[in-house]
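# Have a look at this fold, sequence not included:
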């Protein structure tokens, strides 16, 4: 019998399964489960007819490059279109400092690999996106958490954490933030805070990794274009690596995202990507390019905003009706998620089994914390299920929560 | 001014640009250059009409999962189809031990990350595929070369190298081989040798990383199904990680490949893939699945064999006519490549500039050697250019070689 563990690298031994992906597996195996777990966009909103027309054109046979290997940095025409998208967000970028990545997850992974050695310190919010946490952990970085407040990351705590680390002789390499409708909390970082984050980075010679997949998905009753200006837009020094994606606006099945970074770092990311997957899929890139060129993406944005805002409303209403006396959440002004605080006696991890028995799943909050907290909180995605399924799922969840409270009382 | 180098990880500082990818960039920037550099398949052979029909069906709007996030291991139906492909090659695999990867390059990268710590020893052939070399180098593994002979890797040298390393207290973790129509030499590892490689692995408690993108592309005048049986087919112990791809048989623009590995290792690769890109593109996977299910892939194989065999013939004939007195190569019995030995006074790296001036590019042999050799050899891909362009390109190459010989004589 071969001892396969003896073949694993230190990284290979330490890598941990994603809680969100695990939920995906649970879902695939279960029947009639309402899934509030993964942050999937709603396929009903994918612009099917446009994509069908675009793809028929691309596969005519005249365009060999539509199915060929392509440049590692990504298709040139697509990169030019992306600089236009960035310009609308206030970000000046050259196609040369821009890379198309195979989803933003790849961007996070590549950035982690070129920047972080084992034990290097990266700051993340408490809570933060699990995919980023995993990418940083896979290169054995040390993750240190910074608290949040209602308008996002707590700058006082950021200073305190940085000072504490410096006093211990540790250099902070980077801060990772999702400024717009954060995954998992839905929070928006305040406008002034964004500028102050840049000042913090300059003061401590650190980088900011700005992950921005949700910026187009603001809800017009609570946020506008002025609220979502990327940190990168005011980055005069070149301290921000900015990542964004077409996964939430067109479709995630294309695996087309991008990052823009100061030129010397973009060049390193390119070299890392060569060995990671040579290039992002040509057909996917061509479809996305055409969807931008033909105005499909632009037509999508307002539709998406209205649609997801409505689903948020449906979920908030259902939660208020069924669990309003025992749970609370910060009202999301955009994005896909509700971040629900449970009564202190209810452990979200422990409740998951009961929830599944009721036919509903979510992601327990602990997955998003690097400091072991998050026991009494959970993330609900309202993006994929239909309004009817949202109401049904929340009612199932309410059943599980009520039972859990009763069980805790019986024990207590 | 920010010192970006101070932000780089050790790996980030060491990563090197791929010579092949660099040639791709040269090509993209130049006009009227015949490219024998990258091993691109011929777009004229992509089954455009079938792919158009498949994609129109998939994008009807009824199939939300065609554009959604999917399982990290890959679409279940596709994995089942792949087990059928493997069975025809003599390899028994369960869909559970099989992962769809975003091209085989990702498979190599993930395997390197879960298996190799800095300074761990991996053996590679002299020469070997640059993409694998880069993936292993990016995790800072130590690469040690093993010589080749006419029927592939030299087993005596393999034993000698292993013994030398063991005597120095080094454990060989794995051997990387491309058994069928190797990139860059086109060589085929002999049938008996394959079994003896398994014995070697058992004797030294090592793994074999078997990379097999070209097996379907045997040329019927020189090889048959009996010659391409994977090493994995006889792997009773579970020592082989086997990688293969649809890039050379359907199209590389899909970025769909796979690997099969002993279950404990497959599980680790899955976890690594979660953080690398979450999942391979859904549309790509669905298209590939349908191409298999509808028999497109099966109809492709004989067409590809005839087509590439013809191109090999054209290139060999042109080389014989124009340079037969000064260069030689092992006759390829399949695949995409001719591995051309130049006269001793001609340095393939140095000649590249002259070749580009003549309007032709190739990959200099040194890129494929981990021991600094390969100065007087180059790789020509006959796969993508048309027969006319092959003849034209070889004539340009001959011009460059003749000039280089004359220049060397003038100096000498």
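On my side now, so go ahead. Not measured: the values here are computed from a predicted model.

# the domain parsing of chain A - what is it?
For chain A, automatic domain parsing gives the domain ranges A:4-46+A:298-411, A:48-297.

# Turn those into TSV, including mean neighbour count and distance to chain B.
Bear in mind the C-beta positions are built from the backbone N, C-alpha and C, glycine included. Below are the domains of chain A laid out as TSV (neighbours: other CB atoms under 10 Å in any protein chain shown; distance: least, CB to the nearest CB, whole Å):
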stretch	mean neighbour count	distance to chain B
domain A:4-46+A:298-411	19	3
domain A:48-297	21	3
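
# a markdown table please, covering the ones you listed and showing mean pLDDT.
Shown next, in a markdown table, are these (pLDDT from 0 to 100):
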| stretch | mean pLDDT |
| --- | --- |
| domain A:4-46+A:298-411 | 93 |
| domain A:48-297 | 97 |
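
# Need the ones you listed in JSON lines (columns: distance to residue B:311).
Supplementary listing: these in JSON lines, determined by distance: least, CB to CB, whole Å:
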{"stretch": "domain A:4-46+A:298-411", "distance to residue B:311": "40"}
{"stretch": "domain A:48-297", "distance to residue B:311": "16"}
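
# Of those domains, which is nearest residue B:128?
Among these, the nearest to residue B:128 by CB to CB is domain A:48-297 (14.2 Å).

# what about the closest one, start to end distance?
For domain A:48-297, the first-to-last residue distance is 12 Å (CA to CA, to the nearest Å).

# do stretch A:338-345 as well
Start-to-end span of stretch A:338-345 (CA to CA) is 20 Å.

# next one: that stretch to chain centre, how far?
Relative to its parent chain, stretch A:338-345 has a centroid offset of 21 Å by CA atoms, centre = their mean, to the nearest Å.

# ok, now stretch A:131-138?
The chain centroid and the centroid of stretch A:131-138 are separated by 12 Å, computed with CA atoms, centre = their mean.

# Contacts for that stretch, please.
Under the criterion CB atoms under 8 Å, 6 or more residues apart in numbering or on different chains, residues A:11, A:14-16, A:18, A:20, A:105, A:108-109, A:111-112, A:116, A:122, A:124, A:143, A:176, A:209, A:211, A:368, A:370, B:113, B:272, B:274-275, B:278 lie in contact with stretch A:131-138.

# Restricted to helices, list the residues you listed.
Counted as lying in helices by DSSP state H, out of those, are A:11, A:14, A:20, A:105, A:108, A:109, A:111, A:112, B:113, B:272, B:274, B:275.

# how close does the fourth one get to residue A:292?
In other words, residue A:105. Distance, residue A:105 to residue A:292, by CB to CB, to the nearest Å: 21 Å.

# which residues in chain A form helices?
In chain A, the helices defined using DSSP H lie at A:10-14, A:19-29, A:48-58, A:76-88, A:103-115, A:130-138, A:155-167, A:191-203, A:263-277, A:282-293, A:296-323, A:348-358, A:387-411.

# Which strands and helices lie in contact with the third one?
Just to be clear, that refers to helix A:48-58. Secondary-structure packing of helix A:48-58 (3 or more CB pairs under 8 Å, 6 or more residues apart in numbering or on different chains; DSSP states H and E): helix A:282-293, helix A:296-323, helix B:48-58.

# Now do that helix: distance to the chain's middle.
28 Å.

# Provide the contact partners of it at residue level.
With CB under 8 Å, 6+ apart, helix A:48-58 has contacts from A:66, A:251, A:283, A:286-287, A:290-291, A:294, A:296, B:52, B:55-56, B:59-61, B:67.

# Identify the residues contacting the closest residue to residue A:364 other than its chain neighbours.
Once flanking residues are discounted, residue A:364 sits nearest to residue A:348: 3.9 Å by CB to CB, 6 or more residues apart in numbering or on different chains. Residue A:348 makes contacts with A:342, A:362, A:364, A:365, A:366, A:374, A:375, A:376, A:377, A:378, as judged by CB under 8 Å, 6+ apart.

# Tell me if I'm right that the first one and residue A:377 touch.
Yes - with contact defined as CB atoms under 8 Å, residue A:342 counts as touching residue A:377 (6.4 Å).

# closest one to residue B:338 among the helices and strands packed on helix A:48-58?
Per CB to CB, nearest to residue B:338 of the helices and strands packed on helix A:48-58: helix A:282-293, 25.9 Å.

# still on that earlier bit, can you put the ones in helices among the contacts of stretch A:131-138 in CSV and add distance to residue A:230?
Shown next, in CSV, are these (distance: CB to CB, whole Å):
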residue, distance to residue A:230
A:11, 31
A:14, 32
A:20, 24
A:105, 19
A:108, 16
A:109, 21
A:111, 16
A:112, 20
B:113, 31
B:272, 30
B:274, 27
B:275, 24
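
# picking up where we left off before, out of the helices of chain A, which is closest to residue B:181?
Closest to residue B:181 of the helices of chain A, according to CB to CB: helix A:263-277, at 22.5 Å.

# Which residue lies closest in space to residue A:94, excluding its sequence neighbours?
residue A:83 (6.9 Å).

# do residue A:221 as well
Nearest residue to residue A:221 in three dimensions, chain neighbours excluded: residue A:309, at 6.7 Å (CB to CB, 6+ apart).

# and the one you found, what does it touch?
Residues near residue A:309 by CB under 8 Å, 6+ apart: A:219, A:220, A:221.

# Okay, residue A:187 and residue A:193: tell me how far apart.
Residue A:187 sits at a distance of 11 Å from residue A:193 (criterion: CB to CB).

# Touching both of those two, which residues are there?
Contacts common to residue A:187 and residue A:193, judged by CB under 8 Å, 6+ apart, are A:151, A:152.

# just how off-centre is stretch A:64-77 within its chain?
Put simply, stretch A:64-77 sits 26 Å off its chain's centre (CA atoms, centre = their mean).
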